[in-house]
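Provided below for reference: sequence and predicted model.
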Amino acid sequence: MKLSAMPQSRRDLLLFLTLLIPVFGVFLAMGPAYGARMSVEAACYAIIALGLTIQWGYAGQFNAGVMGFVALGGVSAMLLSVPPNPDFWNSDLPGELARVLLTLVAGIALVVATSRLHRLGVSRRIRTVLTVGVALIAYLTFINQLTPVASAIESQAGFIGGMGLPAWVGWLVGGALAGGIGYFIGHICLGLRSDYLAIATLGIAEIIKAFLKNADWLTRGTATVSPLPWPTPGAGELGFVLSRSIYLSITAVMIAVIFFLLHRAYHAPWGRTIRAIRDNEVSAAAMGKNINKRRLEIFVFGCVLMGIGGAALTSFNSIFDPSGYLPLNHTFLVLAMVILGGPGNNLGTLFGAVLVYIIWIMSAPVALFLMDLVVMAGQAWFGWESAGNLDSRALQARVFVIGLLISLVLRYAPKGLMPERVPHHR
């Protein structure tokens with residue numbers, strides 16, 4: 001029987017059983033410590049991918065700014081978990097920074113109040129002009145006050161440091177911060193459609209990355225911050241295998257809870273409304289559904305999951321490096337996971353996350369092994385000279401492999417290996 005002709009439940013079971021082969025292959029070939037590390041990273045990417053699949057799969061919102069929300073989760077995990085910096089707190093700098101932040105809050109409140117002037121009878125055109133002007137003045141005032149304080153922090157203390165709280169607190173705050181920024185972005189960008197929304201979110205992600213990379217007073221910029229504490233005992237106490245296994249168990253519990261909640265929401269009236277808006281927005285609006293509110297909700301929920309997954313991944317890697325948030329790794333790799341698994345299918349997203357991450361990690365060593373065989377054969381048969389940069393060439397091979405994988409899936413399984421199963425109600 002062909003795979004496409006099987007009942008979907010049986011096909012899903014067969015695919016997951018087949019997935020165990022490369023998983024066990026990595027453990028056997030690379031060792032249990034490396035396998036445990038790969039499993040934890042794949043689990044963190046699965047959480048991020050679930051955030052994208054509810055945006056794209058549930059509501060048809062193509063978010064190309066995954067990297068930005070992952071970075072917001074990472075910076076939250078860093079700022080809340082690393083120890084406080086005594087050089088900063090034992091100086092006058094906290095008071096000066098607090099005054100700058102109060103200026104920012106006052107500026108935001110003034111912009112919001114100006115944007116509501118149409119309720120007092122002010123025309124919308126005048127309100128828009130006033131809002132843009134007030135926002136510009138507030139921004140220039142904030143930057144003018146922040147620049148000398150930031151320079152003083154960098155010269156006297158390096159950066160502000162963290163709060164010394166448990167790592168899991170940073171994960172929750174990372175999700176809340178990503179959701180809050182997503183709420184703000186959603187008000188601006190969700191009126192756009194398809195490729196315009198993708199371009200807008202990608203640009204915003206680059207802005208977030210640029211800010212984190214250049215705000216040395218807050219993140220140390222390219223100097224990075226490490227080590228970041230774990231929510232569990234580390235390798236120094238339990239060894240690599242056991243410590244990573246415990247970390248994996250925490251991420252597995254998180255995935256189970258998220259999967260349960262998303263499954264219930266998908267089959268609830270809320271989920272049916274979201275799918276109705278995705279499939280036919282005009283008909284959903286004619287039925288009295290609040291289109292903008294529902295689309296904003298799903299965008300925010302997806303951003304929350306991306307922030308949580310990004311925070312868990314940053315804590316596990318034990319380093320915060322703003323330069324490490326690359327669109328290829330944190331946007332298009334996650335996109336490949338959702339495409340391969342099946343947009344709108346939570347189970348398919350988990351399958352795609354694990355499979356794509358295994359391919360991403362193992363394609364470089366496999367490519368290097370094949371290149372070495374070709375070089376050895378060429379030297380023996382044709383007298384070729386060995387290239388000196390095979391390692392870097394093998395590393396780039398994984399980009400080709402992921403691109404080829406996406407092309408094959410779009411050609412032969414455009415709805416993913418586990419397509420969305422839409423329930424029909426009579």
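Received the coordinates, thanks. Residues are numbered from 1 along each chain as shown.

alpha carbons only for contacts and neighbour counts from here, please
OK.

pLDDT weak spots in the chain?
1-7, 191-194, 386-388, 422-426 (pLDDT under 70).

kindly list the longest helix within it.
Looking across the chain with DSSP state H, the single longest helix is helix 346-381.

what comes up buried for that one?
Within helix 346-381, the residues scored as buried using 16 or more other Cα atoms under 10 Å are 346-360, 362-364, 366-368, 371, 375-376.

for the residue most central in space within the chain, which non-adjacent residue is spatially closest?
Per Cα atoms, centre = their mean, the C-alpha nearest to the average position across the chain is that of Val70, at 3.5 Å. By the measure of Cα to Cα, 6 or more residues apart in numbering, the closest residue to Val70 outside its immediate chain neighbours is Gly310, 4.2 Å from it.

mind checking how far that neighbour is from Met67?
From Gly310 across to Met67, the span is 9 Å (Cα to Cα, to the nearest Å).

looking at those two, which is more packed in?
Gly310 (34 against 30; other Cα atoms under 10 Å).

quick revisit: output the contacting helices and strands for the longest helix of the chain.
helix 8-30, helix 32-52, helix 240-267, helix 333-341, helix 390-412 (3 or more Cα pairs under 8 Å, 6 or more residues apart in numbering; DSSP states H and E).

format these as TSV; extra columns: mean neighbour count.
What follows is the helices and strands packed on helix 346-381, written out as TSV (neighbours: other Cα atoms under 10 Å):
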stretch	mean neighbour count
helix 8-30	14
helix 32-52	25
helix 240-267	17
helix 333-341	28
helix 390-412	15
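
can you list these in JSON lines and add distance to Gly121?
Output for those, formatted as JSON lines (distance: least, Cα to Cα, whole Å):
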{"stretch": "helix 8-30", "distance to Gly121": "58"}
{"stretch": "helix 32-52", "distance to Gly121": "41"}
{"stretch": "helix 240-267", "distance to Gly121": "41"}
{"stretch": "helix 333-341", "distance to Gly121": "46"}
{"stretch": "helix 390-412", "distance to Gly121": "53"}
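
out of these, which is closest to Asp195?
Among the helices and strands packed on helix 346-381, the nearest to Asp195 by Cα to Cα is helix 333-341 (14.5 Å).

any residues touching that closest one, and which ones?
45, 48-49, 52-53, 347-353, 355-356, 402, 406, 409-410, 414-419 (Cα atoms under 8 Å, 6 or more residues apart in numbering).

can I get it in PDB, CA atoms only?
Taking Å, rounded to 0.1, in the frame of the first residue of the first chain, the C-alpha atoms of helix 333-341 are listed here in PDB:
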ATOM      1  CA  LEU A 333      14.700  26.600   9.300                       C
ATOM      2  CA  VAL A 334      11.500  26.800  11.300                       C
ATOM      3  CA  LEU A 335       9.600  27.500   8.100                       C
ATOM      4  CA  ALA A 336      11.100  24.300   6.700                       C
ATOM      5  CA  MET A 337       9.900  22.400   9.700                       C
ATOM      6  CA  VAL A 338       6.300  23.600   9.400                       C
ATOM      7  CA  ILE A 339       6.300  23.000   5.600                       C
ATOM      8  CA  LEU A 340       7.600  19.500   5.900                       C
ATOM      9  CA  GLY A 341       5.400  18.500   8.800                       C
END
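
any idea how far that helix is from the middle of the chain?
Its chain's C-alpha centre and that of helix 333-341 lie 13 Å apart, by Cα atoms, centre = their mean, to the nearest Å.

for stretch 163-178, same thing?
When C-alpha coordinates are averaged (Cα atoms, centre = their mean), stretch 163-178 and its chain have centres 15 Å apart.

ok, stretch 156-176 next?
18 Å.

okay, how far is it across it, tip to tip?
Stretch 156-176 end-to-end distance (Cα to Cα) = 31 Å.

and that stretch, what's buried?
Buried residues in stretch 156-176 (16+ other Cα under 10 Å): 157-162, 164-168, 170-176.

same deal with stretch 74-92?
Per 16+ other Cα under 10 Å, stretch 74-92 contains these buried residues: Gly74, Val75, Ser76, Ala77, Met78, Leu79, Leu80, Ser81, Val82, Pro84, Asn85, Phe88.

closest to Glu281 out of the residues you listed?
Gly74 (34.9 Å).

residues touching the closest one, list them.
So Gly74 contacts Gly174, Gly307, Gly310, Ala311, Ala312, Leu313, Thr314, Ser315, Phe320 (Cα under 8 Å, 6+ apart).

let's go with 6 Å and repeat that
Gly310, Ala311, Thr314 (Cα atoms under 6 Å, 6 or more residues apart in numbering).

and of the residues you listed, the nearest to Trp381?
Thr314 (47.3 Å).

which helix or strand contains the closest one?
helix 291-317 (DSSP states H and E).

any buried residues in that helix, and which?
Result for helix 291-317 [16+ other Cα under 10 Å]: buried residues 291, 294-317.

re earlier: wait, which of the helices and strands packed on helix 346-381 is closest to Thr103?
Here helix 32-52 is closest among the helices and strands packed on helix 346-381 (Cα to Cα), at 33.7 Å.

before we move on, the earlier item: distance to Met337 for the contacts of Gly74 - can I get that in a markdown table?
Below are the contacts of Gly74 laid out as a markdown table (distance: Cα to Cα, whole Å):
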| residue | distance to Met337 |
| --- | --- |
| Gly310 | 16 |
| Ala311 | 19 |
| Thr314 | 19 |
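
returning to what we had before: what are the contacting residues of the helix or strand that the helix holding Thr314 is followed by?
Where DSSP H and E defines the elements, the next helix or strand beyond helix 291-317 is helix 327. Residues from elsewhere that reach helix 327 (Cα under 6 Å, 6+ apart): Met67.

gap between helix 327 and the chain center?
10 Å.

in this structure Trp217 contacts Phe159, no?
Yes: look at Trp217 against Phe159 with Cα atoms under 6 Å: they come within range, at 4.3 Å.

between these two, which contacts overlap?
Joint contacts of Trp217 and Phe159 (Cα under 6 Å, 6+ apart) are Ile153.

how about the secondary structure of Pro227?
coil (DSSP: H, G, I helix; E, B strand; the rest coil).

residue contacts, it?
By Cα under 6 Å, 6+ apart, the neighbours of Pro227 are Ser318, Ile319.

what's the separation between it and Leu218?
Pro227 is 16 Å from Leu218, by Cα to Cα.

cool, and Met67?
19 Å.

Trp381 now?
58 Å.

check Tyr357 too.
Taking Cα to Cα, one finds Tyr357 at 31 Å from Leu218.

same question for Val375.
48 Å.

who's in contact with Ile277?
Ile277 touches Ala284, counting by Cα under 6 Å, 6+ apart.

that one: which element?
helix 269-279.

residues touching the helix or strand just after that helix, excluding its own?
Next helix or strand after helix 269-279 toward the C-terminus (DSSP H and E): helix 281-286. Contacts with helix 281-286, where a contact means Cα under 6 Å, 6+ apart, come from Ala276, Ile277.
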